[in-house]
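1. Fold the following, please.
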Amino acid sequence: MKGIIFTEFLDIVEHQFGLQVCQQMLDDAGDQGSYTSVGSYDHRELVRLISSLSAITGHSVASLQERFGEAVFPRLLSNLPEMPAEQYHTLSFINRVEAHIHTEVKKLYPDANPPKFDFLSQTESTLIMDYKSARCMGHVCLGLIKGCAVHFGDRIAIEMMPVSGQQDHVRFKVERLTE
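-> Residues are numbered from 1 along each chain as shown. The predicted structure is shown next:
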C-alpha cells in the first residue's frame, strides 16, 4: 500500500483525535510511525493502527475506516494528476476512477496495487459497482464515496452489500438524489 495512505491516516487521526491519541495508537500497535508518502508498506500495518485506534476510542473498525475514507478523499484528489476538463458529479467521477485515476496511479507508482472497480450498471442517477481488493477495506471505499459526494455537493444514497464474508468483494449501489 502506498505510503501516502499512511501519512494521511496519521495526519487525520492527529487532527480528529489529538496528538496524544495518535501517539498512544502508534505505541499500542508497536509502530514507530515512520512512513513516507512515496514508500510502500504492508496494508496489515494500517489494519493494526486502525484496530489500535478502535480499542482506544471505542469506535468500531468499520466506522473508523469509513471516517478515514471520507476525510482522505479531498486530500487524495488534490494529489491526482490533472483530470480532463469535464464537469463531474459523484457518479461520473466514480466512473472515471478505474479508467483514469487508477491508470495514472499505476503510471506514477508501478508497484501500486489499487482496488478494482467493476461497473455492473449505470444510469443517469444510479451506479452499481463491485469493489474488489485483497485488503478488505470496503468501508474505506464507502467513506471515499461519501467524501466524493460532499466534494461535488451531491446528495446520495448508498447501499453497501458484501459479496464475500471477508469484505474483499463488496457491491455498492450509489444513487444520486434530486431535490
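2. Convert the helix or strand of the chain with the lowest mean pLDDT to PDB, retaining C-alpha atoms only.
-> Within the chain, judged by mean pLDDT, DSSP states H and E, the helix or strand with the poorest mean is helix 102-108; its value is a mean of 72. Output of helix 102-108 as PDB, limited to C-alpha atoms (Å, rounded to 0.1, in the frame of the first residue of the first chain):
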ATOM      1  CA  HIS A 102      -6.100   4.000 -11.200                       C
ATOM      2  CA  THR A 103      -4.300   4.000 -14.500                       C
ATOM      3  CA  GLU A 104      -2.500   7.300 -13.600                       C
ATOM      4  CA  VAL A 105      -1.600   5.900 -10.100                       C
ATOM      5  CA  LYS A 106       0.000   2.900 -11.800                       C
ATOM      6  CA  LYS A 107       2.000   5.100 -14.100                       C
ATOM      7  CA  LEU A 108       3.300   7.100 -11.100                       C
END
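3. continuing past that helix, what's the next helix or strand?
-> strand 116-122 (DSSP states H and E).
4. For the nearest residue to residue 139 once chain neighbours are set aside, identify the helix or strand it belongs to.
-> Excluding its sequence neighbours, the residue lying closest to residue 139 (C-beta to C-beta, 6 or more residues apart in numbering) is residue 65, at 3.7 Å. C-beta coordinates here come from the backbone N, C-alpha and C atoms, glycine included. Taking DSSP H and E as the criterion, residue 65 maps to helix 61-78.
5. Also residue 148?
-> Secondary structure (DSSP H and E) places residue 148 in helix 138-152.
6. so what does the helix holding residue 65 touch, helix or strand wise?
-> helix 3-17, helix 43-57, helix 138-152 (3 or more C-beta pairs under 8 Å, 6 or more residues apart in numbering; DSSP states H and E).
7. Taking helix 138-152 as reference, get the angle to the second one.
-> What it means is helix 43-57. 80 degrees (axes from the mean of the first three to the mean of the last three C-alpha atoms, to 10 degrees).
8. okay, now residue 60: neighbour count?
-> By other C-beta atoms under 10 Å, 12 other residues sit near residue 60.
9. Oh, that last question was meant for residue 72, not what I typed.
-> Neighbours of residue 72 (other C-beta under 10 Å): 20.
10. so what's it up against?
-> 5, 8-9, 12, 143-144, 147 (C-beta atoms under 8 Å, 6 or more residues apart in numbering).
11. And those, which is closest to residue 174?
-> Set against residue 174, the nearest of the contacts of residue 72 by C-beta to C-beta is residue 144 (11.3 Å).
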